[in-house]
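Engineer: starting from these lines, generate the structure:
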Amino acid sequence: MEQKNNGFLYVASLEHCFITAARYSASSLKDYWPESNITLFTHKEWVTEADYDLFDNIITEDVPYHKRSKLWALDRTPYDLTCYIDCDTEIMHEDIQYIFDQHNIESDITLTKVRDYAASTDNYFNGGSLTDHCGLFVYNSKPRTLSFMNMWWHLYCDQQDKQAFNIEAAGYPTYLRQWDQFTFWYLQNKTEYKIKRGYFPDPDAKWNFVHIYRQEELQGHDMVICHRTIPNDMRD
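Structural biologist: Predicted coordinates for the structure are as follows:
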């Protein structure tokens, strides 16, 4: 499998459990695809010598201590085609080497769909719905795409500040304030930063199987990536 300038991007910030999870996930990735390129964004004091053997590229400068540091890192990718992957994942199958082939070159970003029965919030609200899973996706490095990623970070930060972006005054429920999925939706539907979305082919669950998904979502296919939430008692 030709690698080209494609790679995976992990972001471990704020809570130390995320760097532990990133190491585990990246190790499972290398087990199935030793030639894969992996970039890690994290904090300098968390990096060990062993991390330089596991990750091909480690970036620590100015990485914010923030619950959504992943958004800050997205437009700083060193790759032409990037797979952003949450730390709380495990690679389960050698088909991981084909993940970049799932990206349609006519799209800027390739995602999986959320399942309503597995959502941690109400996905439906007045004027829209949260349909895209933002814990794993493949995106290109075209200027418009990177501009979208940059705005995703800045608008999310504004979203946390009622003076900067009062979502209640705009007619949206208060509970959406915490979700970067809502920021993604807003940029796609209410701004000029919209990019072209594509989706992993059916069954998309094989590429992003959240641990509470039903087994039938795989439609008989092997699971490639398992996505597990880090328990609260393991967090800092």
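
Engineer: contacting residues for Arg177?
Structural biologist: Neighbour list for Arg177: 159-160, 167 [criterion: Cβ atoms under 8 Å, 6 or more residues apart in numbering]. Using the backbone N, CA and C atoms, a C-beta is placed for each residue, glycine as well.

Engineer: try 6 Å this time
Structural biologist: Arg177 is in contact with 159, 167, counting by Cβ atoms under 6 Å, 6 or more residues apart in numbering.

Engineer: pLDDT value on it, please?
Structural biologist: pLDDT for Arg177: 95.

Engineer: ok, now how distant is it from Phe55?
Structural biologist: For Arg177, the distance to Phe55 (Cβ to Cβ, to the nearest Å) stands at 33 Å.

Engineer: now Ser28. Nearest residue, chain neighbours left out?
Structural biologist: Distances taken as Cβ to Cβ, 6 or more residues apart in numbering put Ile91 closest to Ser28, at 4.1 Å, once the chain neighbours are dropped.

Engineer: tell me the pLDDT of that neighbour.
Structural biologist: Ile91 is given a pLDDT of 98.

Engineer: also the one 10 residues further on?
Structural biologist: pLDDT for Asp101: 97.

Engineer: ditto for His43
Structural biologist: What the model reports as pLDDT for His43 is 98.

Engineer: neighbours around it, how many?
Structural biologist: 16 (other Cβ atoms under 10 Å).

Engineer: give me the number of residues near the residue nearest to Asp51 when sequence neighbours are not counted?
Structural biologist: Spatial nearest neighbour of Asp51, chain neighbours left out: Ile58 (6.2 Å); criterion: Cβ to Cβ, 6+ apart. Ile58 has 17 neighbours, counted by other Cβ under 10 Å.

Engineer: what lines up beside the helix or strand hosting Ile58 in the sheet?
Structural biologist: According to DSSP states H and E, Ile58 maps onto strand 57-59. Here strand 57-59 is paired, per DSSP bridges, with strand 38-41 (parallel).

Engineer: contacting residues around the helix or strand just after the strand it pairs with?
Structural biologist: Following strand 38-41 in sequence order, the next helix or strand is helix 51-54 (DSSP H and E). For helix 51-54, the external contacting residues (Cβ under 6 Å, 6+ apart) are Ala26.
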